[in-house]
Each structure stands twice: as C-alpha cells, then as structure tokens.
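> coordinates only, sequence not included:
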C-alpha cells in the first residue's frame, strides 16, 4: 500500500452534500491517508465564503466595531453542516474560542481570523471520517522573515505524525517563530497539502477541486478546450507564468523538489482521471505535441536599434542597468545584431516609461528607441515541440491566415515554448487560431 495526500478546495467542502462526496472519495481508496481541507466555499453564486466572512469579522474587530452578527453566519454555517452530516460533534466551545480570539488578536493582523475556517472545518472532516485531527499550527512553521522554516516543519511532521495512520490537517496556515498563527501569503491550502505530501513521503499528492484537471487553453476564449492528461513541472511553470489558471509555483515546489507527482482531480466527477503533473524524466513521450496555450495582455515592448550593437561590449548591461535603477524587471529580451526588444509588464512600469526611455537615450546612445504599448504575449507550450519540424510554421501560419501581425518572437534554449508578441486587440483571436491549428477543435 502507498500513501496519498488529498487536498480539497472550498467548493468541494461547501456544504454537507459536497462533504459526503469527499467522504466517498476517501473511502474508495485506502491509500488516501492524509486529508488537507480548505474552509467551506460558496454554495451558489450569491453565497459568501466562510473565509471572506472571517476577514470581515477581523475588519470589524480591528476598528473596535461589533461583529457578532457576521460571526453568527459562520456559526450557523458550521452547525448546519454538522446537523446535515448527522455526526456526533459539538463545535460550540471551539466557535466561542474563535470568536474571542478574533477580537483578542485583531491587532496582530488578519491571520488568526482568516485561518479559522480551515481549523473548524478540519475538525468536522476528521469527525466524519474517523481520522485524527492535527492542528497545522503544530506542524507548519515560519521563520521571523515570514518564509517557511522547512527544517523545523519537516521535523515536526515526522515527529507528530509518527504512528498516526490517518489524519486531517487543516490547510492555509501554520505558526510563526513566536507561536502565533500565520497564513501562507500565496497558494493557501495547496501549499499545505504539498508540504504534508513531502513530509510523509507520499506517492501522490491529489488536489481535488471543481474542474477535471488543467485545460489546454482558457475556456473563456476557446470553447470546450481539451483537458491536459499529463504535463511536467517545467511546463506547468511556463503555463502558470503566462496566466493559465493552475497551481501557484509555491504550491508545487515542495513536491516538485521531492519528485512527487501531483494529480488534479474533480470532486464532482471523481471517475475523471484529471491531470497528472510529473518530473520531466517520468513524463510520457509526446514528440510533436503541444501541451497547452496561455497568454497575458498589458505589456509594453521597448524597441532599441543601434548600428554595430553586437560589437559594443556592455551595451546590454547598460540597458538593463536603466531598468534596474527604476526597479523594473524585464520579461523577455529577444535581439539581433543591431536591435534589441525588451518586454516589460505595464504593472511594473507604473508611470516610469518616459523616464526609462530618456535614460536609455542618455546612457546607451541608441540610433532609435521607442515604446510599443498595448501588447499581448501568447506562449505555446509543450515538451513534444522540441526538434519537431514545422511547429513554428504551424503557429505562425495560423496567425497569418487570420491576418494577425506578429510583433515579436521569442524561444528559450529549452525549446519548451514559443512566445509571440501581438497587439492586445488581437489576443483572443490569436489564441483561438493557434489552438485550432496545433491542438485541435
């Protein structure tokens, strides 16, 4: 028998009916020994997440305002879930302690309040499954700079989970160097699940949500895009960076480092195999195939031209030095012998563009320098593209056929992706065109 760590998102645990689906999933596989729950999410579009209500309680408490009426919604939510599940669990004392704690720790920030949805829901899930409940604050530890204290965390997991065969560990939080509750800044319960998976040396980390895996394109642009059956961590990184709605980098780093595969599954369609994320050496051979397409708008390209640029030692350093002085990072930098294009996000420019252009003129003395605003980038990603003749032709041809002009082309040395820069107004049409040609309708 192996070990699987299962993280369930808020929509998977929104009410008793959803939670019973989770129980069926757990019961169906004896290897599912460690469960990491989120707080109850929305039951319908007009509903409120428990975590959002807890943040609201904190805001009231911070300003010295009463929050009893808001907290009553949280209390009722959990009492209803317990009643509908018909389990022998009394959360009254725990709810009372949380209400007192929200007021008591209001000056320390929102972390205590925000984490209590997972804390309370973990006890509900543990009672339903008959699993041990282990407070994440006893396992997950942060340094004084807010970053994970990996050594202390994995030592605590090994010590406190020794001899415990099955356990529920709430997601989203741990404890800081002083012992106070602290939440993850990004990734939430996904990060907790990955850390627990690595700590218990799991065979698989299952991330259960409301979709059947990662899609090959944005469903808001491409109608019914295919589900990606498998991809590597490197491909995940590329798609995630370019805006695909997938796991955050911090949520996969612990398992990626340990070589543990991640399986994205759908709580509402548990028989779907979902998407499997694996290390490159364990990935199936997919020569000639594209894994996915993703992109983002709101970029500016700084186009620089200077005769004999390639012969001027230090030219690139001087250009990037200008960006560094202004606190701006670049995204891509394709170049030729006399030209250089620097792609920067509009968010990082933040009103600095005119001064940057002036400084490049002064420091680098180019023949011309101009800014091309309102640009979008689209990445076609796939380990199977490497050494596949005609792949670039198919991508560029699909854009030409749809009269979409390419303003920039970039490809890394790994040949894992091909990135094109286009006018933002052509973004949706370009994604559809590339998807139709290289993945299929």
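That came in fine, so what should we check first? Keep in mind it's a predicted model, so treat the numbers as computed, not measured. Numbers count the residues shown, from 1 in each chain.
> Who are the contact partners of residue 416?
By C-beta atoms under 8 Å, 6 or more residues apart in numbering, residue 416 lies in contact with 234, 235, 238, 381, 382, 383, 385, 386. C-beta: built from backbone N, CA, C; applies to glycine.
> which element is the second one on?
So that's residue 235. helix 233-241 (DSSP states H and E).
> helices or strands up against that helix?
With contacts defined as 3 or more C-beta pairs under 8 Å, 6 or more residues apart in numbering; DSSP states H and E, helix 233-241 has these neighbours: helix 249-258, strand 275-278, strand 292-305, strand 368-381.
> Rounded mean pLDDT for that helix, please.
When pLDDT is averaged over helix 233-241, the result is 84.
> go on, stretch 37-50?
95.
> circling back: tell me the angle of the helix holding residue 235 relative to helix 249-258?
Inter-element angle recorded for helix 233-241 and helix 249-258: 180 degrees (by axes from the mean of the first three to the mean of the last three C-alpha atoms, to 10 degrees).
> three-state assignment of residue 427?
helix (DSSP: H, G, I helix; E, B strand; the rest coil).
> residues contacting it?
Counting by C-beta under 8 Å, 6+ apart, residue 427 has contacts 295, 297, 376, 378.
> For the residues you listed, work out which two are farthest apart.
The span of those, defined through C-beta to C-beta, is set by 297 and 378 at 10.0 Å.
> Compare these two (neighbour count), which wins?
Between residue 297 and residue 378, counted using other C-beta atoms under 10 Å, residue 378 has the larger neighbour count: 28 against 18.
> Hmm, the more buried one is touching residue 299, no?
No - counting by C-beta atoms under 8 Å, residue 378 stays clear of residue 299, with 10.9 Å between them.
> quick one on the thing from earlier: between the helix holding residue 235 and strand 292-305, how big is the angle?
Going by the same axes, to 10 degrees, helix 233-241 makes 70 degrees with strand 292-305.
> and the angle from helix 233-241 to strand 368-381?
130 degrees.
> where does the spatially most central residue of the chain land on pLDDT?
Central residue of the chain (C-alpha atoms, centre = their mean): residue 248, 2.2 Å from the mean position. Model confidence at residue 248, given as pLDDT, is 71.
> Likewise for the one 5 residues further on?
pLDDT for residue 253: 86.
> what's the neighbour count on it?
17.
> Name the nearest residue to residue 167, ignoring sequence neighbours.
residue 132 (4.4 Å; C-beta to C-beta, 6 or more residues apart in numbering).
> contacting residues around the one you found?
Applying C-beta under 8 Å, 6+ apart, the residues near residue 132 are 126, 164, 166, 167, 168.
> related to what we said a few turns ago, for the helices and strands packed on helix 233-241, please prepare JSON lines with the additional fields distance to residue 327.
JSON lines is the format used below for those (distance: least, C-beta to C-beta, whole Å):
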{"stretch": "helix 249-258", "distance to residue 327": "22"}
{"stretch": "strand 275-278", "distance to residue 327": "33"}
{"stretch": "strand 292-305", "distance to residue 327": "15"}
{"stretch": "strand 368-381", "distance to residue 327": "18"}
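> Could you say which helix or strand holds residue 115?
Judged by DSSP H and E, residue 115 forms part of helix 111-129.
> Repeat that for residue 264.
strand 262-266.
> That strand pairs with which strands, and in what direction?
Next to strand 262-266 in the sheet, as set by DSSP bridges, lie strand 204-209 (parallel), strand 275-278 (antiparallel).
> Kindly reformat those as CSV and extend each row with mean neighbour count.
As requested, the strands paired with strand 262-266 are arranged in CSV below (neighbours: other C-beta atoms under 10 Å):
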stretch, mean neighbour count
strand 204-209, 25
strand 275-278, 23
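> Out of the ones you listed, flag the one nearest residue 259.
Of the strands paired with strand 262-266, nearest to residue 259 by C-beta to C-beta is strand 275-278, at 8.6 Å.
> For the closest one, give me every contacting residue.
213-214, 227-233, 236, 247, 252, 261-264.
> now do stretch 141-153
139, 140, 156, 174, 175, 176, 177, 182, 185, 195, 199.
> Start and end of that stretch, how far apart?
Start and end residues of stretch 141-153 are separated by 5 Å (C-alpha to C-alpha, to the nearest Å).
> May I see the buried residues of it?
141, 142, 148, 149, 152, 153 (16 or more other C-beta atoms under 10 Å).
> Report the separation between the last one and residue 107.
Read it as residue 153. Relative to residue 107, residue 153 is positioned 27 Å away (C-beta to C-beta, to the nearest Å).
> same check, this time on the first one
According to C-beta to C-beta, residue 141 and residue 107 sit 22 Å apart.
> if we can go back for a sec, can you give the distance of the helix holding residue 235 from its chain's centre?
Offset of helix 233-241 from its chain centre (C-alpha atoms, centre = their mean, to the nearest Å): 10 Å.
> Residues in contact with it: which ones?
With C-beta under 8 Å, 6+ apart as the criterion, helix 233-241 contacts 214, 231, 246-249, 252, 256, 277-280, 291-292, 294, 379, 381-383, 414, 416-417.
> Give me the buried subset of the residues you listed.
Neighbour counting with 16+ other C-beta under 10 Å marks 214, 231, 246-247, 252, 256, 277-278, 291-292, 294, 379, 381-383, 416-417 as buried within the contacts of helix 233-241.
> Could you tell me which of the contacts of strand 275-278 count as buried?
In those, the ones that pass as buried (16+ other C-beta under 10 Å) are 213-214, 227-228, 230-233, 236, 247, 252, 261-264.
> From those, pick the one nearest residue 331.
residue 236 (18.2 Å).
> Quickly note the distance from the closest one to residue 206.
16 Å.
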